[in-house]
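>>> would you be able to build a 3D model of this:
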Amino acid sequence: KIFLPKQGWEEKLGYILGCLAGDGNISKRAVLSNNDTEIQQAYSLYLNHIFGMNSKVKQGHTCRIVVDNGGLTFARFLIDIIGFPKNNKSATISVPEIVKKNKYIFRGFFSGLFDTDGYASHINNSIEITSKSKKLIEECSILLLNFGVHSVIFNKGGFHTLRIANKIYISLFLHFFNSR
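As a prediction, the model looks like this:
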């Protein structure tokens with residue numbers, strides 16, 4: 001049994017979507033592949049709070065995976081309603097429409113995406129997210145402007161990186177986005 005999200009859970013819904021955009025795979029079920037225990041726990045907790053689903057962490061082929069009990073129903077919700085691509089999404093993922101239209105969902109989405117595909121670069125004194133999807137990176141760069149966060153995008157080796165540098169923009173990122 002799966003429940004639809006309730007009002008007031010926007011950032012948590014966004015976080016789930018952001019984690020799946022970064023390290024998720026959706027086919028017959030949604031699976032998050034990530035070794036970070038804190039991310040696994042937050043993802044599982046939010047799945048339970050929002051959708052009433054339970055999940056468990058298992059050892060996958062190369063890393064630990066979080067598998068929910070939503071099965072095909074939750075996978076179809078993510079593909080047909082949210083708009084995630086099925087199977088190999090790395091180059092084709094974009095920011096879902098529901099995320100673009102609600103700043104609270106985007107805050108959670110970007111936090112989840114940063115937790116899975118982002119890092120703090122001590123060499124460049126910046127915060128960066130790298131993806132194979134150019135569209136995802138470009139859309140996030142535009143949506144960050146709603147929070148006063150400016151970023152630059154550069155491409156290298158078939159990957160696209162969004163970089164937040166400059167002390168004021170890093171401070172705004174840390175203020176608005178709850179990364180783990």
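>>> gap between the closest residue to residue 59 other than its chain neighbours and residue 165?
In this structure, residue 59 finds its nearest non-sequential neighbour in residue 65, 7.6 Å apart by Cβ to Cβ, 6 or more residues apart in numbering. C-betas here are computed from N, CA, C, even on glycine. Note on residue 65: its distance to residue 165, by Cβ to Cβ, to the nearest Å, is 33 Å.
>>> right, and the residue nearest to residue 59 touches residue 33 too?
Yes - contact criterion Cβ atoms under 8 Å: residue 65 and residue 33 qualify, at 5.0 Å.
>>> what about those two, which has more around it?
Under the criterion of other Cβ atoms under 10 Å, the comparison of residue 65 against residue 33 puts residue 65 first, with 21 against 16.
>>> partners of whichever strand or helix holds that one in the sheet?
When elements are assigned from DSSP states H and E, residue 65 belongs to strand 64-68. Looking at strand 64-68 with DSSP bridges, its partner strands are strand 30-33 (antiparallel), strand 55-59 (antiparallel).
>>> low-confidence ranges in the chain?
Applying pLDDT under 70 to the chain flags the ranges 1-7.
>>> how about the strands of it, start to end?
24-26, 30-33, 55-59, 64-68, 118-121, 126-131, 152-156, 159-164 (DSSP state E).
>>> and the shortest one, how far from the chain's centre?
Pointing back at strand 24-26 there. Distance, stretch centre to chain centre, for strand 24-26: 11 Å (Cα atoms, centre = their mean, to the nearest Å).
>>> report all helices and strands that it contacts.
The contact analysis (3 or more Cβ pairs under 8 Å, 6 or more residues apart in numbering; DSSP states H and E) places strand 24-26 against strand 30-33.
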